[in-house]
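Student: I'd like to go over a predicted model; first the sequence, then the structure.
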Amino acid sequence: MERSEKLYLLETARAAIEAHIYGKDINPALPDSHILREEMGVFVTLKKNEDLRGCIGYIEGVEPLYRAVITMAVKAGFHDPRFPPLSKDELNAVNIEISVMTPLRKIDSISKINVGEHGIYLKRGYASGLLLPQVAVEWGYDRDQFLSSTCMKAGMGRDCYNDPETEIYIFSAEIFSEEEMYGD
């Protein structure tokens, strides 16, 4: 993804959050980039002082990427059930990070998981959990710890990945943030 496309998505995410706080609509022009118009999975993560402040996304493409970023930025800021809605006072303290996902790929062996490169999506029955690739790096997880943490996020036992009924998917993501793109 080109730098200009990343900047467009970050600016659009921030505009969506600000518009929501001030009760306005956001309706950006259709971007020129064909990538930004493709339906792709995407997560928007908000961090405040390096701590998670919200993170929500689509695991698969359901709307054009630029529209998905708008939707997920608002959901991460105001509808993540783990956090209260973002306040006006927090706007300038929040760093936006976007993870644009490759399609999910089902695997038959955990040996195919490359920590730091792959994110994990686990599913069994109605339970499912997902951790982005950067989570393993940020927490210093090895493969088993990454899998166990994903199982726990799914509400299943720590070793759910050993159950033959559990489906394991991997994906990669292009990850970029305001901090990275604009500096501190």
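Tutor: Structure's in. What do you need?
Student: quick one, strands of the protein?
Tutor: Using DSSP state E, the strands of the chain run over 42-48, 51-58, 94-101, 105-107, 119-124, 127-131, 167-171, 173-177.
Student: partners of the second one in the sheet?
Tutor: In this case it means strand 51-58. strand 42-48 (antiparallel) (DSSP bridges).
Student: Run the chain-centre distance for the partner strand.
Tutor: Strand 42-48 has its C-alpha centroid displaced from the chain centroid by 6 Å (C-alpha atoms, centre = their mean, to the nearest Å).
Student: and the angle for that strand with strand 119-124?
Tutor: Using axes from the mean of the first three to the mean of the last three C-alpha atoms, to 10 degrees, the inter-axis angle of strand 42-48 relative to strand 119-124 is 110 degrees.
Student: and Ser172, what does it touch?
Tutor: For Ser172, the contacting residues are Met101, Thr102, Glu117, His118, Gly119, Pro133, by C-beta atoms under 8 Å, 6 or more residues apart in numbering. Every residue, glycine included, has its C-beta placed from N, CA and C.
Student: my guess is the third one contacts Leu132, does it?
Tutor: No. Here Glu117 lies out of contact with Leu132, judged by C-beta atoms under 8 Å, at a distance of 11.5 Å.
Student: Nearest spatial neighbour of the residue most central in space within the chain, chain-adjacent residues omitted?
Tutor: Among the residues of the chain, the one closest to the centroid is Phe43, at 2.4 Å (C-alpha atoms, centre = their mean). Leaving aside its chain neighbours, Phe43 sits nearest to Gly57 (2.9 Å; criterion: C-beta to C-beta, 6 or more residues apart in numbering).
Student: cool, and Met156?
Tutor: With C-beta to C-beta, 6+ apart, the residue lying closest to Met156 is Ala127, at 5.4 Å.
Student: ok, now Ala76?
Tutor: Excluding the flanking residues, the one nearest Ala76 by C-beta to C-beta, 6+ apart is Gly54, at 3.8 Å.
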